[in-house]
Structures are given as C-alpha cells and as structure tokens.
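A.B. asks: no sequence for this one, just the structure:
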C-alpha cells in the first residue's frame, strides 16, 4: 500500500491538534459529572424503519465537543471496564462503547461492566444522550459474550442452513440476552457474499471463520432479514457489514496491508446484497477497509467518498448511520496517522469511527476532528451532518 504522505494534515494543523488535545484532556482526570420494503419470501420480518428527521434539529444545543464525541465508538475488553474508555466518556464526550475480546462470565458480569460506562452518560458528557453499547455477537468463532445467560451461537454458515423463521426466533433470544447485559447494538449480521465454497477456503476474513450465511444473494438476504428481525424485536440495533463486501479478498485487513479487491463493481451481486438490505430498512452499515480498484483504486473504502457517499448513499440510497471497521490497530490502515484516519473517514461520509482495539487512540483522533472542525467550516458542517444521523437513530431507538 502506498503511504498517504499527500494526505497528512501538515505542521500547522498538528499544532492546532496538540492544543485541542490538551484542552480536551483537561477534564479527564476528575470524576465524571455524573423504502418501502419488498416482502421476503423467506421471512415475515417487517424491519424497523429508518428514522426520519424531525422538524427540530436533534443536535441543537450540543457543543462541538459533544457532537464530535457522538462520532466515535471506543473499545474496552468485555471482561473489565477499560479506565481509559470510562474517562473518555466524560473527558472526550465519547458517545459509544464497544465490548471486545472474549468474556465467559455471563450476562450479570457483562451488565456490571457496561454499567460503568453508561453511568458516565450525563448532560455534561453526552448531552444526556445514552450510549450505543456494541459488541460482535455473530456466532461461531465470533462471539464476544459467553457464559451463563448466553447461548452458544452457531456460526454464520450454520445459521444459513436454518429456516429463516427459526433463525428469527433464535436471534430474538440472542438479542434479549444482549439486552439483559446492557448491550443495545450488535455489529452483525455479516452479509459479505463469497462466490463459492471453494472461494471461501481462500478468504481469511469471512470464509476462514464460516461467518457467511451462504454463497448466493437470496440465502444471504433472507437470513440477514431474519437475524435483523430478531435483534430489532429485542431492542438491539443490528449492523450489516462490510460494505462493499469482503467476499473477494484473499487477505485479512486486520493483519495485512494492501488488501485489495480487483473484482467488485457498483453492479456486482455482492453490492446488490447490501442494496437489498437497504431497501429492507437496514439502519447501520459498516464499511470495509479494503481497497476496491474498480470503485476507487486510490483509497480504502472507508476513506473513499466515491464509495461511502457516491455508491452507498447516492446510488443505493442509504440514509442511515455509516460506521467504520476498526481504525485503531488494523494493519490495512496503519500507514495513516490516527488523526488522518478519523478525518478521512468522516470526510468520506462515515458517521461513527470505531476504535475497538486501542482506546488510547481516541484522544488524538477526537482532538484532530475538533481542531479541523474549528478551522474548516465545510468540515464542521460534515461533523454536524454525521452527528445528526447518530442522534436521530438514538432518539428513535431509545424513545
């Protein structure tokens, strides 16, 4: 991958970022103040509608720092509340938390960890908005929360062999278990389309873990509908991923750099799967960090306005919340500075930047975004638009 030297913020902005970071961290050490859906033949799921903006501006009265905080989701190990993440809610106004790793302690222990974060969501910290508390509860080898109160979930491939109605009922139960632990967002289901079982053997990020529902669009969309329906019924926001699809890559963006898809186009079936889910009112989409040479050969998808805004929003008509995959330690984006990762993602059209593996990067990322928003009115408007979408979803979800 070419290192993005032309994208660096420059010395002047770096000075501004440093000043903003110092200001933001000043409060960290103290205790916190306080579409019409086409019916699926596979499931009876009627998805939750995408929130429609109301007349009143949902971000009216929020400070710039509070708005920026809503644009980040910061990680913590699921076994214990990361003190850096706890402090970031009050000190950096972080509005969303992700539980990472593996816990086998059950729902009660998970709820106790979550409560240490949610207690920090005060009027001063988050403008009184509740946190999105997310995790990866896909099933199979990708299930963060385990133990008493949590089912052992089958893999995506096994779920794809279930009848959609049975999957919907199971997902309702799995969602209720998450809700009892204080988790209200699940970064699932995976809707990446791998072209064949043979291709899955050479697809480390998805096929390597049997995360796919199957190998054809109907199987994926029918089962994704069922999974989302169960989560929606339980009050958990599902997130479809990883746009525009990781089914054609042969390396893993978490552990490899320069991961490239040379096949996918705007009319590929893998993109069509996302289009179908958007028509069926998917509310949150996670972006891939791979490079797609047929769509934008110069940038990972998460940094590409041609892909996030041009394809996902303009062509496919997605009006909901767009989030990134992890931008903290993924090898695919390591060539960019943490500050640039956050700014480039937001400029491309992303609404929530995921910092799941290294919570210490929240401070420089937030500082960079605040500094640029103060210096650049166009970017400040981008921040407002993204914060508005996040807050609208929260108000709809928690009303």
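C.D. replies: That came through, no problem. Bear in mind that the values here come from a model prediction, so they are computed numbers and not experimental data.

A.B. asks: the helices in the protein, which residues?
C.D. replies: 11-25, 64-69, 83-91, 107-118, 123-126, 156-160, 164-180, 197-200, 217-233, 269-279, 305, 338-348, 362-375, 377-398 (DSSP state H).

A.B. asks: nearest to residue 140, of these?
C.D. replies: Of all those, helix 156-160 sits nearest to residue 140, with 6.4 Å by CB to CB. Where you see a C-beta, it was placed from the backbone N, CA and C, and this is true even at glycine.

A.B. asks: pretty sure residue 130 sits against residue 121.
C.D. replies: Yes - using CB atoms under 8 Å, residue 130 is in contact with residue 121, at 5.6 Å.

A.B. asks: out of the two, which sits in the more crowded spot?
C.D. replies: The residue with more neighbours, out of residue 130 and residue 121, is residue 121; 23 against 15, by other CB atoms under 10 Å.

A.B. asks: now for the residue nearest to the more buried one when sequence neighbours are not counted, how many residues are close by?
C.D. replies: In this structure, residue 121 finds its nearest non-sequential neighbour in residue 131, 5.1 Å apart by CB to CB, 6 or more residues apart in numbering. Neighbourhood size, residue 131 [other CB under 10 Å]: 24.

A.B. asks: give the contact list for residue 131.
C.D. replies: The contact partners of residue 131, taken as CB atoms under 8 Å, 6 or more residues apart in numbering, are 89, 95-97, 117-118, 121.

A.B. asks: closest to residue 164 among the residues you listed?
C.D. replies: For those, the closest approach to residue 164 (CB to CB) belongs to residue 96, at 29.9 Å.

A.B. asks: so where's this structure shaky on pLDDT?
C.D. replies: 1-55 (pLDDT under 70).

A.B. asks: just want the most central residue of it.
C.D. replies: Centroid-nearest residue in the chain: residue 323, 3.9 Å away (criterion: CA atoms, centre = their mean).

A.B. asks: now that residue: how far from residue 173?
C.D. replies: Going from residue 323 to residue 173 by CB to CB, to the nearest Å gives 25 Å.

A.B. asks: same thing with residue 180?
C.D. replies: Counting by CB to CB - residue 180 and residue 173 are separated by 11 Å.

A.B. asks: do the same with residue 204
C.D. replies: For residue 204, the distance to residue 173 (CB to CB) stands at 30 Å.

A.B. asks: looking at those two, which is more packed in?
C.D. replies: Using other CB under 10 Å as the criterion, residue 204 and residue 173 rank with residue 204 on top: 19 against 13.

A.B. asks: that one: what's it in contact with?
C.D. replies: By CB under 8 Å, 6+ apart, residue 204 lies in contact with 249-252.

A.B. asks: who does residue 285 form a beta bridge with?
C.D. replies: residue 240, residue 322 (DSSP bridges).

A.B. asks: neighbours of it, just the number please.
C.D. replies: Residues near residue 285, counting by other CB under 10 Å: 26.

A.B. asks: so it sits right up against residue 325, yeah?
C.D. replies: No - using CB under 8 Å, residue 285 is not in contact with residue 325; the gap is 11.1 Å.

A.B. asks: overlap of the contact sets of these two?
C.D. replies: residue 241.

A.B. asks: counting neighbours, what do you get for the nearest residue to residue 153 once chain neighbours are set aside?
C.D. replies: Once flanking residues are discounted, residue 153 sits nearest to residue 139: 3.4 Å by CB to CB, 6+ apart. For residue 139, the neighbour count with other CB under 10 Å is 25.

A.B. asks: quick check: residue 139 touching residue 151?
C.D. replies: No - Residue 139 is beyond contact range of residue 151, at 9.1 Å (criterion: CB under 8 Å).

A.B. asks: what's residue 77 in contact with, if anything?
C.D. replies: Counted by CB under 8 Å, 6+ apart, residue 77 has contacts 99-101, 103.

A.B. asks: for stretch 309-326, the distance to its chain's centre please.
C.D. replies: Put simply, stretch 309-326 sits 12 Å off its chain's centre (CA atoms, centre = their mean, to the nearest Å).

A.B. asks: oops, could you answer that again for stretch 232-251 instead?
C.D. replies: Centroid separation for stretch 232-251 versus its chain: 9 Å, with CA atoms, centre = their mean.

A.B. asks: now swap in stretch 144-163 and tell me
C.D. replies: 20 Å.

A.B. asks: and for stretch 202-215?
C.D. replies: The answer for stretch 202-215 is 19 Å, by CA atoms, centre = their mean.

A.B. asks: got it, and stretch 81-96?
C.D. replies: 17 Å.

A.B. asks: measure it end to end?
C.D. replies: For stretch 81-96, the first-to-last residue distance is 14 Å (CA to CA, to the nearest Å).

A.B. asks: that older thread, bridging residues for the residue nearest to residue 153?
C.D. replies: residue 142.

A.B. asks: residues contacting it?
C.D. replies: Neighbour list for residue 139: 153-156, 158-159, 188 [criterion: CB under 8 Å, 6+ apart].

A.B. asks: ok, back up a step: how about the contacts of residue 77 in a markdown table, adding neighbour count and distance to residue 163?
C.D. replies: Shown next, in a markdown table, are the contacts of residue 77 (neighbours: other CB atoms under 10 Å; distance: CB to CB, whole Å):
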| residue | neighbour count | distance to residue 163 |
| --- | --- | --- |
| 99 | 29 | 30 |
| 100 | 20 | 32 |
| 101 | 16 | 32 |
| 103 | 23 | 30 |
